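Novice: Show me how the following folds:
(chains A and B)
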Amino acid sequence: AQKVTQAQTEISVVEKEDVTLDCVYETRDTTYYLFWYKQPPSGELVFLIRRNSFDEQNEISGRYSWNFQKSTSSFNFTITASQVVDSAVYFCALSEALTSGSRLTFGEGTQLTVNP
Amino acid sequence: GAGVSQSPSNKVTEKGKDVELRCDPISGHTALYWYRQSLGQGLEFLIYFQGNSAPDKSGLPSDRFSAERTGGSVSTLTIQRTQQEDSAVYLCASSSWVGGMGETQYFGPGTRLLVL
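Specialist: Below you'll find the model as predicted:
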């Protein structure tokens, strides 16, 4: 069963627009960790954020913000005032402490294109 | 400090040949992971090493795939009798183990394997 769902396959915006990337997860573990990674055209996966299941506090880092809601099993990522350099594939990932150890289960990714 | 390094960056081989892919983790990281990224399958877990514990091989797709980690550092992923469906980008990641499971995994640039 799909454990991480990123329903948006591709998103295209114009520079300076705000954009939200959705991530919905499924787990039976009470302890789990959620991650977002960015994969620019160069191909390397770049870590953006890690959240544990006991910390629902939203986080802001510059133009990036994350909204974690356990009630809806969602961990959405918003980029404010998008820039061309934000163009990349973004992956949401889940690590379940008890069920599957430390392996990451990835969503299918969302291709974000920011046009000038 | 230095990140995760992988070699070679690209590998072209003929069907039926064996290949070895190398990963050098971040210094001090005791956990090491291999993933595969292909068009049809997305990002999928292959194998995981943590310290001196037995590796978690549950993600290896067939017995043609094997991996070892020498001296708790460098790892080699070996694919025997390569098939065309093995063509993919093979990604290595490492993490510390300070807090146990769920630590952030940092990825290398990957090895792009093409089997002709």
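Novice: Could you pull up the residues touching residue 46?
Specialist: No chain was given, so I picked chain A. Contact analysis of residue A:46 by CB atoms under 8 Å, 6 or more residues apart in numbering or on different chains lists A:37, A:38, A:39, A:40, B:107. C-beta: built from backbone N, CA, C; applies to glycine.
Novice: That was the other one, I meant chain B.
Specialist: Residue B:46 neighbours (CB under 8 Å, 6+ apart): B:33, B:34, B:35, B:36, B:59, B:60, B:61, B:65, B:67, B:77, B:90.
Novice: near chain A, from those?
Specialist: Among those, proximity to chain A is found for B:33, B:35, B:59 (CB under 8 Å from any CB of the partner chain).
Novice: what's the helix or strand for residue B:32?
Specialist: Using DSSP states H and E, the element containing residue B:32 is strand B:31-38.
Novice: helices or strands up against that strand?
Specialist: Applying 3 or more CB pairs under 8 Å, 6 or more residues apart in numbering or on different chains; DSSP states H and E, one finds that strand B:31-38 contacts strand B:42-50, strand B:75-79, strand B:88-95.
Novice: Could you say which of those strands is packed most deeply?
Specialist: strand B:88-95 (a mean of 24; mean count of other CB atoms under 10 Å in any protein chain shown).
Novice: what residues does that strand touch?
Specialist: Residues from elsewhere that reach strand B:88-95 (CB under 8 Å, 6+ apart): A:43, A:45, A:102, B:4, B:6, B:21, B:23, B:25-26, B:29, B:31-38, B:41, B:43, B:46, B:75, B:77, B:103-108, B:110-113.
Novice: Bridged to residue A:25, which residues?
Specialist: With DSSP bridges as the criterion, residue A:25 is bridged to residue A:4.
Novice: right, and residue B:55 touches residue B:67 too?
Specialist: Yes: counting by CB atoms under 8 Å, residue B:55 touches residue B:67, with 7.0 Å between them.
Novice: Thanks again, I'm all set now.
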